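Participant: 3D model of this:
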Amino acid sequence: MPSDVRLSIVTISFQDPEGLLRTLRSVAEQTYYPVEHIVIDGGSGPDVEMLLEQAQPSYWQSQPDGGRYDAMNQGIDRATGDVVWLMHSGDCFAGSDSAAVAMSALTAAGSVRDRWGHGRARIVGDPAREGLEWGYSPFDMRGFALGIRPIPHQAALFGMDLARRVGQYDVEFGLAADHLYMLKAAQLERPVVIDAVLCNFDAGGAGSVRPQREHFADIRRAWDTAGYYPWGRKDITAVASRMVEYSARSKQLARSVLSHRARVGDR
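Facilitator: Predicted coordinates:
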């Protein structure tokens, strides 16, 4: 049954026709209605333009842009829905009813245009983590801001009025601009945690294979930009962050050693 709450799905793409095709098909399979699908491609060439002409999303463009976050901002600016959901090229919904499940949960929480929420993501594209689910419940502001309870961005959706209050993605911030965006959103409204796997997350992207050192450096930069420190004071929070980073890097090293030993043992 059609809803009176319109969902805008924004997909950014560049030089990824196979991934874009998967995302286009996934959006087309959604049972939720009404949906508009906006595709912002960075100018991938005639093959992608032909693909988009055949798929006929609600709106598409294929031209140079200022990078992933500029493309995301352009897509949101084009959106006419009550809720916006960013589903990048290569990422897909977990099932045909994923959008319906998420929208139902967000609607039940109150005015959807003023709220945001997130579910869980299923990891694909990484043999070591294939099929694993990630996403934390309940929401923990301190843990999220410290970078130890991250939110899967592709499993998050934002009411349009809240998105306007948060402002645009920071195109100068780097690969963690999605974390910064959600930190700002969480300062305004606590997210609705949706108890469902909402998307398949392509773990082969640049943001998924970054060194822990870079990840935590960006987490600390986000505090200054958002004006939020998980432990109240910047100095105390910085010490806590260093301890968290050391623990995370130690665990990552241990996993690498065990993985290497397993591969050697299989020979």
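Participant: can we go C-alpha only for contacts and neighbour counts from here?
Facilitator: Noted.
Participant: how far does the longest strand seen in the chain sit from the chain's center?
Facilitator: Ranked by residue count and defined by DSSP state E, the top strand of the chain is strand 192-202. Mean C-alpha position of strand 192-202 versus that of the full chain (Cα atoms, centre = their mean, to the nearest Å) differs by 10 Å.
Participant: Stretch 91-102 too?
Facilitator: Centre-to-centre, stretch 91-102 and its host chain are 14 Å apart (Cα atoms, centre = their mean).
Participant: low-scoring stretches of this protein, by residue?
Facilitator: Across the chain, the stretches falling below the confidence threshold (pLDDT under 70) are 1, 204-210, 249, 251-267.
Participant: Show me the residue sitting in the middle of it in space.
Facilitator: For the chain, the residue nearest the mean C-alpha position is residue 153 (1.7 Å; Cα atoms, centre = their mean).
Participant: Please state the backbone phi and psi of it?
Facilitator: Main-chain torsions, residue 153, degrees, to the nearest 10: phi -60, psi -40.
Participant: Would you agree it is in contact with residue 178?
Facilitator: Yes: counting by Cα atoms under 8 Å, residue 153 does reach residue 178; the two are 6.8 Å apart.
Participant: Tell me which helix or strand comes right after the longest strand of the chain.
Facilitator: Once the chain leaves strand 192-202, the next helix or strand it forms, by DSSP states H and E, is helix 212-226.
Participant: And that following helix, what does it pack against?
Facilitator: Contacts defined by 3 or more Cα pairs under 8 Å, 6 or more residues apart in numbering; DSSP states H and E place helix 212-226 against helix 141-146, helix 177-188, helix 234-265.
Participant: And the helix or strand residue 157 falls within, how far out from the chain middle?
Facilitator: Element membership for residue 157 (DSSP H and E) is strand 156-159. Centroid separation between strand 156-159 and its chain, computed with Cα atoms, centre = their mean, is 10 Å.
Participant: ditto for stretch 176-191
Facilitator: 11 Å.
Participant: Stretch 2-17 now?
Facilitator: 13 Å.
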